[in-house]
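Asker: Mind folding the following:
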Amino acid sequence: MNPQQLRELLADPAQAGAYFVDARDTHAMAEAGAALGYAVVRIDLSGCRDKADLLMRAAAALAFPDWFGHNWDALADALEDLSWLPAAGYLLLLEHAQDWQAQASDDPATLLDILNESSALWAEQRKPFWALFPLPAERLDAMA
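Answerer: Alright, predicted model coming up:
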């Protein structure tokens, strides 16, 4: 996909959501998001141990306000607000998530639900909200 096509895709709120993508495309996606005036936020999940650790990393990367309660409901509330981070759209890159995603708990599925619900609510306001999980190509192939 060329840079123009990528920008056109990222500009469409109806297409936005949580997706697993090829890690080799991360730089191009970040550049396209920045070119569109999006808040491009990288959340590094390498070595992430559990839900509490994930929430702490998300809160730090997104500069959540003091009222953030470090639970799933608070994450949903914060992602659906983002008034402290005004932008034309949002592009979250949840990097190095493969180990955290592979854990036996329901946390990865819960996170995906929250991200997709947030994206749908932002789409109603015609603002794209993307949450991308860059994975190694072999991991993507294994998921398919």
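
Asker: alpha carbons only for contacts and neighbour counts from here, please
Answerer: Noted.

Asker: Export whichever strand or helix holds residue 139 to CSV, keeping only CA atoms.
Answerer: Per DSSP states H and E: residue 139 is located in helix 137-143. What follows is helix 137-143, C-alpha atoms only, in CSV (Å, rounded to 0.1, in the frame of the first residue of the first chain):
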residue,chain,number,x,y,z
ALA,A,137,5.0,-11.5,10.0
GLU,A,138,5.3,-15.1,11.0
ARG,A,139,3.0,-14.4,14.0
LEU,A,140,0.4,-12.9,11.7
ASP,A,141,0.6,-15.9,9.4
ALA,A,142,0.1,-18.2,12.3
MET,A,143,-3.1,-16.3,13.4
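
Asker: burial measure for residue 141, as a count.
Answerer: Neighbourhood size, residue 141 [other Cα atoms under 10 Å]: 10.

Asker: what's it in contact with, if anything?
Answerer: Listed by Cα atoms under 8 Å, 6 or more residues apart in numbering, the contact set of residue 141 is empty.

Asker: Over to residue 115?
Answerer: Taking Cα under 8 Å, 6+ apart, we find residue 115 in contact with 17-18, 76, 79, 131.

Asker: And the helix or strand bottoming out on mean pLDDT in the chain, how far out from the chain middle?
Answerer: None of the helices or strands of the chain scores lower by mean pLDDT, DSSP states H and E than helix 98-101, at a mean of 79. Chain-centre distance of helix 98-101: 14 Å, with Cα atoms, centre = their mean, to the nearest Å.

Asker: No more questions from me, cheers.
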